[in-house]
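[1] No letters, just coordinates:
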């Protein structure tokens, strides 16, 4: 990689990190007026993302000073982790959108976006697993089945919610929130395999 390409890549990484930081700040502002439950759930993810962003910034600074081979390896890893952070931001945005949804259609659409964001998040984690050591890949693979089960349960709840009539959807919303919480916990468990 030439010096110019390396500088361009570094600048791109810095811009992506800046964008993640701005999205985190926007999500925090939106979360501040959410229900206590949503604020706690989203707040944990926001705090974890802030900490990870700081770690990524440190690793980018360290990689900048590294030799060519170390830089290339760090660049690939940092890119994969930024893809994961982008997917996590989409999850946060969809969760907040669902929190503020005033009617059944808006809520169902937000939950669908959340499930889609989870698909992107799991794809990002699987890309990281592909680049990881065998032990990490094996641990992650075991955790993926739990995520898939929780996602299937959430999709079933969403189907039931969409088919509900009248005010029944408000009751089903509670079950949907529980299913999404289960998915969130399983996803965090899968992501913890990289630590």
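    Yep, it's here. Everything quoted here is computed from the prediction, not taken from an experiment.
[2] okay, CA-based contacts and neighbour counts for the rest of this
    Will do.
[3] What average pLDDT does stretch 179-191 get?
    What stretch 179-191 shows for mean pLDDT is 91.
[4] which parts of it are buried?
    Within stretch 179-191, the residues scored as buried using 16 or more other Cα atoms under 10 Å are 179-180, 182-184, 186-187, 189-191.
[5] do stretch 150-160 as well
    Buried residues in stretch 150-160 (16+ other Cα under 10 Å): 150-151, 153-155, 157-158.
[6] Dump the residues you listed to TSV, plus secondary structure, pLDDT and distance to residue 64.
    Conversion of those to TSV gives the following (DSSP: H, G, I helix; E, B strand; the rest coil; pLDDT from 0 to 100; distance: Cα to Cα, whole Å):
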residue	secondary structure	pLDDT	distance to residue 64
150	helix	95	40
151	helix	95	39
153	helix	96	44
154	helix	96	42
155	helix	96	43
157	helix	95	47
158	helix	96	46
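[7] Return the member of those residues nearest to residue 175.
    residue 157 (7.3 Å; Cα to Cα).
[8] who touches that closest one in this structure?
    Residues near residue 157 by Cα atoms under 8 Å, 6 or more residues apart in numbering: 172, 175-176, 179.
[9] wait, isn't residue 183 in contact with residue 150?
    Yes: in this structure residue 183 lies within contact range of residue 150 using Cα atoms under 8 Å: 5.0 Å.
[10] Let me know the closest of the buried residues of stretch 179-191 to residue 71.
    residue 191 (24.1 Å).
[11] which non-adjacent residue is nearest the residue nearest the centre of the chain?
    The centre of the chain sits closest to residue 88, judged by Cα atoms, centre = their mean, with a distance of 1.7 Å. Using Cα to Cα, 6 or more residues apart in numbering and skipping the chain neighbours, the partner closest in space to residue 88 is residue 121 (6.3 Å).
[12] and the buried residues of stretch 150-160 as CSV, adding distance to residue 63?
    Formatted as CSV, the buried residues of stretch 150-160 follow (distance: Cα to Cα, whole Å):
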residue, distance to residue 63
150, 37
151, 36
153, 41
154, 40
155, 41
157, 45
158, 44
